[in-house]
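**Q** Pasting a predicted model and its sequence here:
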Amino acid sequence: MSTFGKEPVAVVGVGQTKHVAARHDVSLAGLVREAAARALADAELTWADVDAVVIGKAPDFFEGVMMPELYLADALGAVGKPMLRVHTAGSVGGSTALVAANLVAARVHRTVLTLAFEKQSESNAMWGLSLPVPFQQPLLAGAGGFFAPHVRAYMRRTGAPDAVGSLVAYKDRRNALKNPYAHLHEHDITLEKVQASPMLWDPIRYSETCPSSDGACAMVLTDRAGAARSPKPPAWVHGGAMRSEPTLFAGKDFVSPQAGKDCAADVYRQAGITDPRREIDAVEMYVPFSWYEPMWLENLGFAQEGEGWKLTESGVTELDGDLPVNPSGGVLSTNPIGASGMIRFAEAALQVRGLAGEHQVPGARRALGHAYGGGAQFFAMWLVGAEPPAS
Amino acid sequence: MPRTSRYARDVAVVAFAQSDHLRRTDELSEVEMVMPVLHEVLAATGLKAGEIGFTCSGSSDYLAGRAFSFTMTLDGVGAWPPISESHVEMDGAWALYEAWVKIQTGEADTALVYSYGKSSPGSVRDVLTRQLDPYYLAPLWPDSVALAALQARALIDAGETDEAALGAIAARSRAAAEDNPHAQLRGDVPRGEYQVAPLRTGDCPPIGDGVAAVVLAAGDTARRLCGRPAWITGIDHRIEAHGLGLRDLTDSPSTRLAAERAGLFEAPVDTAELHAPFSSQEVVLRKALGLAEGDAVAVNPSGGALAANPVMAAGLIRIGEAAARIHRGASDRAVAHATSGPCLQQNLVAVLEGDPA
C-alpha cells in the first residue's frame, strides 16, 4: 500500500457554451467541442496535453443517442486515449468531475479533460422523465411533479412563509444577468413578476422552475506539476464525495435526505471544515426549483434544521450577502441537465480562481459545488480552494 | 507478492458471481435479476453491502427502455444507510475500472461492481444502431450483425481468416461452454444460415439476459477475503475513432495499446478471456494481443461471448471468469478483455495474476 497519499488535484481550465434553449447551429459533437476547446484555451493547453477524457450526461433518451461518448470520441480528441462515461442521474455533472479528479488523485493520469452536456432541444425532457407504467407507479408529470410534494412538506415542517421560493428565484435570475453564459437573461425581472407567474406544480410557480437548456461545460484537471505550469490561478480540490440512497423506502426523508448530509460531512471532513457557514465563501448548489435553496442550506449544514429559509429571507444568500448562493444564477437560470452539476462544480472553481467576472464573490477562498439527482437520492459535492490542500 | 510496481496499491478481484444467462427472463425485473447475484458475490467474501467501501455499476437505459433505469437496481444493493456509489453507462468492465481507480486513491479498500443487461424485451440488433453517429450513420440503421459482417469480410479479404476458421472458433467456444453452467449456448450448435454474409448464425452471439458482479479489494484485505486473490497487475482502456471508414477493421490498435499499458507483453499468460461477440472479432483480438493459434493459452475457456452475451455485462464477465480461474488455481497469469461500440471501437485490457502456489 502506498504511503504517499493522494495527488493534489487542481482545476486549471473551465469552459462553457452560452447556454440557450436550442443550439440549432451545432451538432452534439459541435456543442461539446466548443466547451472543451474553451476549457483548454483557459488552461493554455492543447488536445495533446490531455491524457484521458471523462464525459457525463443525463439519460441517453434526451438526445436519442445510446452511449453517445462512442460517437463523440473524435470531437473530444479522445482517439487513442481512455474515455469514461458516467451517468448518475441529475448529479452526473458533479460525479463526472469527481471520477476525473480521482484519475489524477490516484496518479493514473496527470491531466484529464472532463465534460458534461445536454442538448435538451433534441427531445422533451419532461416526458423523458415521466416514467410509464409498468416501470413504476405514476409520479405525476416531470421532475416538478416529483419534487413539489417534498417542497410542500418542507413548508409545513418549518412554517416558512410562502414568499421564500419567489425570493430565491428573483435572486438567481438577477445573478444570471451578471453571467454571460447563463441561459435566462430576464432584464425586466421583478419580484412581483415571479410571484404572479403561473402555478405549475403547487407550490412551485413557472418562474421558480429551471429552464430547459442546450449546453456543455468542461474542465481541465491536473496534478501539482500541471498546476505549477498553469498560467492562471488554479482551484484546488480540498474534498469530494458521492453518496446514494434508494429512491423510495419507508423512513426516507425526502426533505433532507441522509445521503446529502453524509456526502457533505465527508467533504467537510476531507477539507477540514468544521463550520461551513463561516468557512465557506460561496456556494453553487443544485436548485432546480426555488425552494431547494432553503432545503439544501439545512441539508448541507449551513443552517439548523428549520432555519434555512431565514437565511434566504434575510438576504444572506444574495450575491452581496455573507453566504452567496448561486452567484452564477444557478440551475434556475441554466439547466442543460447532464451539465448542470458540472456547472456548479466549475462555477465554484471560477470563484476561488477569482475568474468569475461580474458575478465574482470578492475574496472567495473556499467554495462548495453541489449536485443531486434521481429522487433526491444521488449526491455529488466538492469543495475547492484558492490554496493547495494542507496535506 | 504480485508484481505490481505500476500502481499505488495492489488491488485484486476477490469474488465473482453471475446469473444463468437466458434467452428471456420475462418474469423478472432487473432488480430481481440483480439481487441474487449480489447476494452470492457478497456471501463469497462474507461482507455485507454496508461494509463495502465503494459501489459502481454499468448498464444502459436503451436496453431497459427507460430513463434512469439504474436507479431502480440500486434497490437491489440495499443502499441504506447511504453508500458511496457511482454508475457508468458502459459495460461493467468500465465500472470495475472506476472502482479500481477509487481504491487506488485510498478512499476505499473494497468495491462492489455489478452490471446487467436485459436484451430480451427489444430487438438488440436494432437498439445498438442507436449508438452510431446520429447524423450520418444511425439514420441508415446498420445493425450490429451487419457491421460485424463488414469487419469479417475485411478480414477474409485480407487473408487473415476464412469462413471455416470462423466456424471453428464458434465450435471451440461452444464446446468449452459445456463446462460453464451459466452459459446460454453450449455444445454442438449448428453453423446455420448466413445472418449477414460471411457471418452465419453460429458466428453470432446468443441474445439474452444476464447479470455479473465482482468484489475488489486492496492488499491485506484481499488476502483476508480470498484464498488466492486475482491481482490486477495492469488495467487500461482506449477508444478509437467512431467512423468505421477511419479505421482498419482488421486490426485493433486500441486493444494493443491498452495491453501494452497494462503490461500484458511483459510475461506470457496461460488464459485469455476475450470479449468477442462475433467469431471474427476473436481473430482481430488475437492479433492485437499477440495470441497465436496453437499457443498454450486457453482462449475463452468459459465459452466467451459466443456462449453468453448479456450486453453491458459480457465484458465484466470476462474479467470475472479470468479471475475465477486464478482463484481456483487453474491459471497463474490471465488477460481479460472487454469491448464497446461498433466493430471493437473501445477496448479494455486487464492482466490478472495469482500469487505463486
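**A** Received it, and whenever you're ready, just let me know what you need.
**Q** measure stretch B:292-299 end to end?
**A** As for stretch B:292-299, its first-to-last residue distance stands at 10 Å under the measure Cα to Cα, to the nearest Å.
**Q** Could you do stretch A:113-126 as well?
**A** Across stretch A:113-126, first to last residue, Cα to Cα, it's 30 Å.
**Q** mind listing what's buried in it?
**A** Counting neighbours by 16 or more other Cβ atoms under 10 Å in any protein chain shown, one finds that the buried residues in stretch A:113-126 are A:113-122, A:125. Using the backbone N, CA and C atoms, a C-beta is placed for each residue, glycine as well.
**Q** Stretch B:259-269 now?
**A** The neighbour-count check on stretch B:259-269 (16+ other Cβ under 10 Å) flags B:259, B:261-264, B:269 as buried.
**Q** One more: stretch B:169-182?
**A** Of the residues in stretch B:169-182, those with enough neighbours to count as buried (16+ other Cβ under 10 Å) are B:169-174, B:176-177, B:180, B:182.
**Q** what's the answer for stretch A:346-360, then?
**A** Applying a neighbour-count criterion of 16+ other Cβ under 10 Å, one finds A:346-354, A:356, A:359-360 buried in stretch A:346-360.
**Q** ok, and of the residues you listed, which contact chain B?
**A** Applying Cβ under 8 Å from any Cβ of the partner chain, the subset of these adjacent to chain B is empty.
**Q** could I get these as CSV with distance to B:Gly329, secondary structure and pLDDT?
**A** Formatted as CSV, the buried residues of stretch A:346-360 follow (distance: Cβ to Cβ, whole Å; DSSP: H, G, I helix; E, B strand; the rest coil; pLDDT from 0 to 100):
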residue, distance to B:Gly329, secondary structure, pLDDT
A:Ala346, 50, helix, 98
A:Glu347, 54, helix, 98
A:Ala348, 51, helix, 98
A:Ala349, 50, helix, 98
A:Leu350, 55, helix, 98
A:Gln351, 56, helix, 98
A:Val352, 53, helix, 98
A:Arg353, 54, helix, 98
A:Gly354, 59, coil, 98
A:Ala356, 59, coil, 98
A:His359, 62, helix, 98
A:Gln360, 62, coil, 98
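**Q** For A:Arg85, see how far away B:Asn300 is.
**A** Between B:Asn300 and A:Arg85 the computed distance is 26 Å (Cβ to Cβ, to the nearest Å).
**Q** Narrow the buried residues of stretch A:113-126 to those in helices?
**A** With DSSP state H as the criterion, helices contain A:Ala125 from among the buried residues of stretch A:113-126.
**Q** near chain B, from the buried residues of stretch A:113-126?
**A** Counting by Cβ under 8 Å from any Cβ, the subset of the buried residues of stretch A:113-126 that neighbours chain B is empty.
**Q** Among the buried residues of stretch A:113-126, show me the least confident.
**A** For these, the least confident position by pLDDT is A:Ala125, scoring 74.
**Q** Once you drop chain neighbours, what's closest to B:Ser120?
**A** When the adjacent residues along the chain are set aside, B:Ser120 lies closest to B:Arg24, with 4.5 Å between them (Cβ to Cβ, 6 or more residues apart in numbering or on different chains).
**Q** my guess is the one you found is in a helix, correct?
**A** No - B:Arg24 sits outside any helix when classified using DSSP: H, G, I helix; E, B strand; the rest coil, being coil.
**Q** B:Gly210 is in contact with that one, correct?
**A** No - using Cβ atoms under 8 Å, B:Arg24 and B:Gly210 do not qualify as a contacting pair, with a distance of 11.5 Å.
**Q** More neighbours: which of the two?
**A** Neighbour comparison, B:Arg24 and B:Gly210: the larger count goes to B:Gly210, with 27 against 13 (by other Cβ atoms under 10 Å in any protein chain shown).
**Q** Nearest residue to A:Ser230 in space, please, no chain neighbours.
**A** Nearest residue to A:Ser230, sequence neighbours excluded (Cβ to Cβ, 6+ apart): A:Val12, at 4.1 Å.
**Q** likewise A:Ala390?
**A** Spatial nearest neighbour of A:Ala390, excluding adjacent residues (Cβ to Cβ, 6+ apart): A:Gly272 at 6.9 Å.
**Q** same deal with B:Asp332?
**A** On the basis of Cβ to Cβ, 6+ apart, the spatially nearest residue to B:Asp332 that is not a chain neighbour turns out to be B:Gly354, at 5.3 Å.
**Q** And for the one you found, the neighbour number?
**A** Using other Cβ under 10 Å as the criterion, B:Gly354 is surrounded by 23 other residues.
**Q** How about B:Ser120?
**A** As a burial measure, the neighbour count of B:Ser120 was computed by other Cβ under 10 Å and equals 16.
**Q** how much space is there between it and A:Met285?
**A** For B:Ser120, the distance to A:Met285 equals 41 Å [Cβ to Cβ].
**Q** ok, which residues in the stretch 101-250 of chain B are in contact with chain A?
**A** When proximity is defined as Cβ under 8 Å from any Cβ, the stretch 101-250 of chain B approaches chain A at B:101-102, B:104-107, B:127-128, B:130-135, B:138, B:218-219, B:236-243, B:246.
**Q** Return the subset of these lying in helices.
**A** Checked against DSSP H, these include these in helices: B:101-102, B:104, B:127, B:219.
**Q** ranges for the helices of the chain?
**A** All of this is about chain A. In chain order, chain A shows helices spanning A:28-43, A:69-72, A:92-105, A:125-128, A:142-158, A:164-176, A:191-196, A:224-229, A:258-271, A:276-279, A:292-299, A:308-313, A:330-333, A:337-353, with DSSP H as the criterion.
**Q** Actually, chain B is the one I wanted.
**A** Secondary structure of chain B (DSSP H): helices located at B:30-45, B:61-64, B:70-73, B:92-104, B:124-127, B:144-157, B:163-176, B:219-225, B:253-261, B:279-289, B:314-327.
**Q** Return the list of helices and strands in contact with the second one.
**A** Translated: helix B:61-64. Helix B:61-64 sits against strand B:110-118, helix B:124-127, with contacts defined as 3 or more Cβ pairs under 8 Å, 6 or more residues apart in numbering or on different chains; DSSP states H and E.
**Q** Now tabulate the ones you listed in TSV and tack on mean neighbour count and mean pLDDT.
**A** As requested, those are exported to TSV (neighbours: other Cβ atoms under 10 Å in any protein chain shown; pLDDT from 0 to 100):
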stretch	mean neighbour count	mean pLDDT
strand B:110-118	28	97
helix B:124-127	16	95
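**Q** could you point out where chain A is predicted with low confidence?
**A** Within chain A, the stretches falling below the threshold (pLDDT under 70) are A:1-4, A:127-141, A:391.
**Q** coming back round to it: same list, the buried residues of stretch B:169-182, but as JSON lines with pLDDT and distance to B:Ser115 please.
**A** Conversion of the buried residues of stretch B:169-182 to JSON lines gives the following (pLDDT from 0 to 100; distance: Cβ to Cβ, whole Å):
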{"residue": "B:Ile169", "pLDDT": "97", "distance to B:Ser115": "25"}
{"residue": "B:Ala170", "pLDDT": "98", "distance to B:Ser115": "25"}
{"residue": "B:Ala171", "pLDDT": "98", "distance to B:Ser115": "28"}
{"residue": "B:Arg172", "pLDDT": "97", "distance to B:Ser115": "26"}
{"residue": "B:Ser173", "pLDDT": "98", "distance to B:Ser115": "21"}
{"residue": "B:Arg174", "pLDDT": "98", "distance to B:Ser115": "23"}
{"residue": "B:Ala176", "pLDDT": "98", "distance to B:Ser115": "22"}
{"residue": "B:Ala177", "pLDDT": "98", "distance to B:Ser115": "20"}
{"residue": "B:Asn180", "pLDDT": "98", "distance to B:Ser115": "18"}
{"residue": "B:His182", "pLDDT": "98", "distance to B:Ser115": "15"}
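**Q** So for stretch A:185-199, what gets flagged as buried?
**A** A:186, A:189, A:194-195.
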